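1. Dropping a prediction and its sequence here:
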Amino acid sequence: MSRDVVITGLGAVSGLGVGARALWDGLVAGRTGLGPLKRIDASGFRSRLGAEVNDFSAKDFVPKSYRKAVKVMARDIELAVGAAKLAVEDAGLITRAALPEGGDGRTTYPSDRMGCHIGAGLIAAETDELTSGLVTARNEAGLFELTRWGTGDGGGGGMNNLQPLWLLKYLPNMLACHVTILHGAEGPSNTITCSEASGLLSLGESLRVIQRDAADLCFSGGAESKINLMGLLRVDLMGRLAATGETTDPTEFIRPYDPAATGGLAGEAGGIVVLEEEAKARARGARVYARVSGFGAAQSPARPDGPVRGAEVQGMFESSGEGLADAARRALEDAQIGPERIDAIVPHAAGVPTVDGAEADALRAVFGARLREIPLITLSPAVGECWAGAGALQVAAGAMAIAERTLPARRHGGRPADDLQAGPAPSRRAELKHVLVCTSALGGQNAAIVLTAAS
């Protein structure tokens, strides 16, 4: 028998601040975390604005005995670790991380009944760390030479000048690895690397794990930061970012569903949600934000003539939005409701015209003429494009909207399509029974989740 699953803990680290409450309060107030990039020197880039997480250190979110491990955490891992600790605290859980040295004490759940599924992106090596090794592999002309980098016969061994555990900072599965070690989650665990869809796909996997009684609780979500030289360059070459030049005011950028938009802005975020089997959550007196009542996933087939370079890479996958529409329909079917029951939608809303166009087509296919009546909750104008870190933030916003009976404010610097409620709007009270959260991804993956108010 399938078991009901609810959300009892929200952990968020984003450009709006540290904590799900900071995210929610910022959205309700209509604030933005976007501004000039400061963590890196972006003066050589076309896009120089983004949403950075300030006043954050992973050392503040791990036990004293674990702080040495922070040295082998890339920024993405740190964001996931911080978000997981915040989610644990929000859910009122006692995990291994809270036990005294030696592990004496009782946790809320046995280790083998806790799972962990966290989405991750392509983690970029820290420039200073990598170049400190590369600089020792130059030849007499001052150029990099592979033999001087390698350790084989005749090799110079430049790679040995990287720190011994260098690779452990950049493996995508290390996000879930550290979270499971810290909190003693020894049940089913997995890492999903499907770019923007990673977070929602991870929540879908956690949902199924609990439903089939393989775990009672799961940490789920994702984290990613492209606020680094290599990451920013990659997404700019994909044509995903707006050229901001010397502009310091972000309000004119990130205009979801506006055909005249010039692209998005990079953000960094970690979002972890605690999912629990409902009966056990209520038995321990946990606060329930919402029930996860439906999940769907689908793949958009690649176009055989799809371009692969420059700004046109935005249109690499079908423009009809068929895959996202399929995912949304499956989520609704799984929740045993029709599209007429959805009270709000939390979409990707990237601000990239080709991506938004496909998403809008998908929503039109699912909701028809009623789409113009459904309010959208858009996060990107506040926290930027957060890739693998976005899905759990979307779910957190949807769950908070249900629990707080409030639609947050919307920011928009342009003019969206007339049949989409994506333009600027103040926050307002609203009774929300069902909320659809959905996203597509550059690789053609699509995911959708239905959140339902818990009675």
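-> Structure received.

2. what separates residue 49 from residue 417, distance-wise?
-> Per C-beta to C-beta, to the nearest Å, residue 49 is found 24 Å from residue 417. The way it works is simple: take the backbone N, C-alpha and C, and place the C-beta from them, glycine included.

3. okay, the two: which has more neighbours?
-> Shown here are residue 49 and residue 417; by other C-beta atoms under 10 Å, residue 49 has more neighbours (23 against 17).

4. Check whether the more buried one really touches residue 33, as I assumed.
-> No - judged on C-beta atoms under 8 Å, residue 49 makes no contact with residue 33 at a distance of 10.7 Å.

5. show me the contacts for residue 384.
-> 15, 33, 34, 50, 51, 254, 264, 265, 266, 267, 268 (C-beta atoms under 8 Å, 6 or more residues apart in numbering).

6. In space, not sequence, find me the middle residue of this protein.
-> residue 389 (1.8 Å; C-alpha atoms, centre = their mean).

7. you'd agree it is in a helix?
-> Yes - per DSSP: H, G, I helix; E, B strand; the rest coil, residue 389 lies within a helix segment.

8. Tell me where the model's unsure across this structure.
-> The model of the chain has pLDDT under 70 over residues 1, 102-104, 302-320.

9. Which single helix of it contains the most residues?
-> For the chain, the helix that runs over the most residues, judged by DSSP state H, is helix 75-91.

10. got the contact list for residue 119?
-> Residue 119 makes contact with 191-194, 197-199, 201-202, 221-224, 388-389, 391, according to C-beta under 8 Å, 6+ apart.

11. Go through those residues and flag which are in strands.
-> 191, 192, 221, 222, 223, 224 (DSSP state E).

12. Include neighbour count and distance to residue 60 when you put those residues into TSV, please.
-> Putting the ones in strands among the contacts of residue 119 into TSV (neighbours: other C-beta atoms under 10 Å; distance: C-beta to C-beta, whole Å) gives the following:
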residue	neighbour count	distance to residue 60
191	20	24
192	27	27
221	39	19
222	41	21
223	36	16
224	33	20
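
13. Do a quick rundown of the helices in this protein.
-> Along the chain, the stretches classed as helices by DSSP H are 20-29, 75-91, 127-134, 146-149, 174-183, 198-211, 229-237, 278-283, 322-335, 353-367, 380-383, 390-404.

14. could these be laid out in a markdown table, adding mean neighbour count and distance to residue 413?
-> A markdown table is the format used below for the helices of the chain (neighbours: other C-beta atoms under 10 Å; distance: least, C-beta to C-beta, whole Å):
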| stretch | mean neighbour count | distance to residue 413 |
| --- | --- | --- |
| helix 20-29 | 21 | 17 |
| helix 75-91 | 28 | 27 |
| helix 127-134 | 14 | 32 |
| helix 146-149 | 15 | 46 |
| helix 174-183 | 24 | 33 |
| helix 198-211 | 27 | 26 |
| helix 229-237 | 17 | 20 |
| helix 278-283 | 16 | 41 |
| helix 322-335 | 23 | 25 |
| helix 353-367 | 22 | 14 |
| helix 380-383 | 29 | 8 |
| helix 390-404 | 28 | 20 |
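
15. Could you dump those helices into TSV and include distance to residue 57?
-> Shown next, in TSV, are these (distance: least, C-beta to C-beta, whole Å):
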stretch	distance to residue 57
helix 20-29	16
helix 75-91	8
helix 127-134	18
helix 146-149	32
helix 174-183	15
helix 198-211	23
helix 229-237	20
helix 278-283	31
helix 322-335	37
helix 353-367	33
helix 380-383	20
helix 390-404	20
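
16. Nearest to residue 355 among the contacts of residue 384?
-> residue 264 (8.5 Å; C-beta to C-beta).

17. and whichever strand in the chain runs longest, what other elements does it pack with?
-> Longest strand in the chain by number of residues (criterion: DSSP E): strand 266-277. The contact analysis (3 or more C-beta pairs under 8 Å, 6 or more residues apart in numbering; DSSP states H and E) places strand 266-277 against strand 5-14, strand 49-51, helix 75-91, helix 198-211, strand 217-225, helix 229-237, helix 380-383, helix 390-404.

18. Including distance to residue 360, could the ones you listed go into TSV?
-> Compiled in TSV, the helices and strands packed on strand 266-277 are given as follows (distance: least, C-beta to C-beta, whole Å):
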stretch	distance to residue 360
strand 5-14	25
strand 49-51	23
helix 75-91	30
helix 198-211	18
strand 217-225	24
helix 229-237	22
helix 380-383	14
helix 390-404	17
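
19. Nearest to residue 140, out of these?
-> Closest approach to residue 140 among those is made by helix 229-237 (27.5 Å; C-beta to C-beta).

20. Mind listing residues that contact that closest one?
-> Against helix 229-237 from outside (C-beta under 8 Å, 6+ apart): 40, 42, 45-47, 50, 122, 124-125, 127, 225-226, 241, 266, 310, 385.

21. Next, the angle helix 127-134 makes with it.
-> With axes from the mean of the first three to the mean of the last three C-alpha atoms, to 10 degrees applied, the angle from helix 229-237 to helix 127-134 works out at 110 degrees.

22. Pull the distance from helix 229-237 to the chain's centre.
-> In terms of C-alpha atoms, centre = their mean, to the nearest Å, the centre of helix 229-237 is found 18 Å from the chain centre.

23. Taking strand 266-277 as reference, get the angle to it.
-> Using the same axes, to 10 degrees, helix 229-237 lies at 100 degrees relative to strand 266-277.

24. how much space between the residue nearest to the centre of the chain and residue 15?
-> Residue 389 is 11 Å from residue 15, by C-beta to C-beta.

25. overlap in contacts of those two?
-> Common neighbours of residue 389 and residue 15 (C-beta under 8 Å, 6+ apart) are 267, 268, 269.

26. List just the nearest of these to residue 87.
-> residue 269 (13.5 Å).

27. which residues touch that closest one?
-> Neighbour list for residue 269: 12-15, 51, 53, 79, 223-225, 383, 386, 389-390, 393 [criterion: C-beta under 8 Å, 6+ apart].

28. Repeat that for residue 344.
-> By C-beta under 8 Å, 6+ apart, the contact set of residue 344 is 374, 375, 376, 377, 398, 401, 407, 430, 432, 435, 436.

29. Then residue 74?
-> Residues near residue 74 by C-beta under 8 Å, 6+ apart: 123, 126, 169, 170, 174.

30. Turn the shared contacts of residue 389 and residue 15 into a markdown table, columns for distance to residue 152.
-> What follows is those, written out as a markdown table (distance: C-beta to C-beta, whole Å):
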| residue | distance to residue 152 |
| --- | --- |
| 267 | 41 |
| 268 | 38 |
| 269 | 41 |
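
31. Just give me the closest of the residues you listed to residue 275.
-> residue 269 (18.8 Å).

32. Quick check: bridge partners of that closest one?
-> residue 224 (DSSP bridges).

33. Just to check, residue 158 is in contact with residue 139?
-> No - counting by C-beta under 8 Å, residue 158 does not reach residue 139; the two are 10.8 Å apart.

34. What's the local residue count around residue 448?
-> When counting by other C-beta under 10 Å, one arrives at 32 neighbours for residue 448.

35. Contacts only, for it.
-> 200, 294-297, 324, 327-328, 330-331, 436-439.
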